[in-house]
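[1] dropping the sequence and predicted coords here.
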Amino acid sequence: MRINGVFEGGGVKGIALAGAVSAAQSQGFMFHQVAGTSSGSIVAALLAAGYTGEEMREIILRTPFKSFMQRSAIFNTKIIGPAARLLIKKGLYAGEALESWVAQLMAAKGVRTFGDLKPNQLRIIASDITQGRLLVLPNDIAQYGIEPGKLAVAKAVRMSTSIPYFFDPVRIRRHIKSSAKAVPFAEQFNYIVDGGLLSNFPLWIFDSEATSRNKALPVIGFQLVGKNETPVHTIRGPVTMLEALFSTMLSAHDERYIEQKNRFRTVKIPTLGISNTQFNLSKELGMSLYESGYKASEAYFAHWSAEVYEQNYEKFVMRPKKP
């Protein structure tokens, strides 16, 4: 059966999403259109390019995720180095290594830009913090004078995965009309960061396409959970405070919305107490995440029914209760 999939962001915890995909596919579910935020955008992009959950498992086994934590040696000086990089680059680590990794995976399946995919096959969430605006890529890239079909999938993923203050933001030069008043060079750029800042679990993205007369495919969300225990953040200075603020925001973002009206279409995946930025995790721990996703998805789809889904969709989404 064909379904549309939505994948929540969660940094390195996104490994669990690959396991969930594998379990869904093993039970005969095929992903038609997909969307995701942050690490969820990576899984969505791999699915759109034609990767299976089993292929993702092999990718996880051979990828040293710690290599994504890349920065010049000059910025490795204790305390001063990271602070200087944060001041100059707006992030502790460059995001080029992650972008290059995604680009190589896409190229292996013959995909480079969104134009190589079917229309609306892949949608990625990012945040423009210059304008305070949520972006749904590729379509919203047109606001910057860029043709959506020419946007590289890896670049969109890079935008969506740019955890504030951890990875460098992506800068996009604004399209300025020749007749407009001169704008200083430094003010001609928009800063794009992690989509989780505005919508970490965009289950809403397919709802506008469904009406009572034109029912869309079932939309299944894959959510990374483990939020019952409140993490303790040690604040040592401005950098750790900002990390704590962002982590806290992600832990609660969209949670009430999900619990109230979307439980019937959400696969909840335990993340084993692993943090978003734990990129130095072992292969064994990575596979534990994968297995956690597999088991949660397997249990969900074993009891899934199209009839029950449609009844709940009509009740909670098409005709939500008035507050």
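    Received it, and whenever you're ready, just let me know what you need.
[2] list the buried residues in the helix or strand residue 307 falls within.
    Element membership of residue 307 [criterion: DSSP states H and E] is helix 306-313. Buried residues in helix 306-313, defined by neighbour count with 16 or more other CB atoms under 10 Å: 309, 312, 313. Using the backbone N, CA and C atoms, a C-beta is placed for each residue, glycine as well.
[3] for the residues you listed, which one is nearest residue 124?
    Comparing those against residue 124 with CB to CB places residue 313 closest, at 24.0 Å.
[4] how far is the helix holding residue 307 from where the chain is centred?
    Chain-centre distance of helix 306-313: 27 Å, with CA atoms, centre = their mean, to the nearest Å.
[5] just stretch 161-177 next, same as before
    Computed by CA atoms, centre = their mean, the chain-centroid distance of stretch 161-177 equals 16 Å.
[6] in it, what counts as buried?
    By neighbour count on 16+ other CB under 10 Å, the buried set for stretch 161-177 is 161, 162, 163, 164, 165, 166, 167, 168, 169, 170, 172.
[7] from residue 99, how far off is the fifth one?
    Computed with CB to CB, to the nearest Å, the distance linking residue 165 and residue 99 is 18 Å.
[8] nearest to residue 184, of the buried residues of helix 306-313?
    Checking the buried residues of helix 306-313 against residue 184 with CB to CB, the nearest one is residue 313 at 49.8 Å.
[9] pLDDT at the closest one, what is it?
    At residue 313, the model reports a pLDDT of 90.
[10] isn't it right up against residue 265?
    Yes - the criterion here is CB atoms under 8 Å, and residue 313 meets it with residue 265 at 7.3 Å.
[11] shared neighbours, those two?
    residue 218 (CB atoms under 8 Å, 6 or more residues apart in numbering).
[12] ok, now which ones touch the nearest residue to residue 268 once chain neighbours are set aside?
    Once flanking residues are discounted, residue 268 sits nearest to residue 225: 4.7 Å by CB to CB, 6 or more residues apart in numbering. Going by CB under 8 Å, 6+ apart, residue 225 touches 268, 269, 270, 271.
[13] list phi and psi for the third one.
    Backbone dihedrals for residue 270, given as degrees, to the nearest 10, come out at phi -60, psi 140.
[14] how far away from the center of its chain is stretch 125-133?
    For stretch 125-133, the distance to the chain centre is 14 Å (CA atoms, centre = their mean).
[15] can you pull the buried residues of it?
    In stretch 125-133, counting by 16+ other CB under 10 Å, buried: 125, 126, 127, 128, 129, 130.
[16] could you do stretch 47-64 as well?
    Within stretch 47-64, the residues that qualify as buried are 47, 48, 49, 51, 53, 55, 56, 57, 59, 60, counting by 16+ other CB under 10 Å.
[17] mind putting the buried residues of stretch 161-177 in JSON lines, distance to residue 120 included?
    Formatted as JSON lines, the buried residues of stretch 161-177 follow (distance: CB to CB, whole Å):
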{"residue": "161", "distance to residue 120": "21"}
{"residue": "162", "distance to residue 120": "24"}
{"residue": "163", "distance to residue 120": "27"}
{"residue": "164", "distance to residue 120": "28"}
{"residue": "165", "distance to residue 120": "32"}
{"residue": "166", "distance to residue 120": "30"}
{"residue": "167", "distance to residue 120": "27"}
{"residue": "168", "distance to residue 120": "29"}
{"residue": "169", "distance to residue 120": "26"}
{"residue": "170", "distance to residue 120": "23"}
{"residue": "172", "distance to residue 120": "22"}
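[18] now, which of those residues sits nearest residue 286?
    residue 161 (17.0 Å).
[19] leaving out the residues flanking it, which one is nearest to the closest one?
    Nearest non-adjacent residue to residue 161 (CB to CB, 6+ apart): residue 38, at 5.1 Å.
[20] check residue 203 too.
    Distances taken as CB to CB, 6+ apart place residue 221 nearest to residue 203, at 4.7 Å, with adjacent residues excluded.
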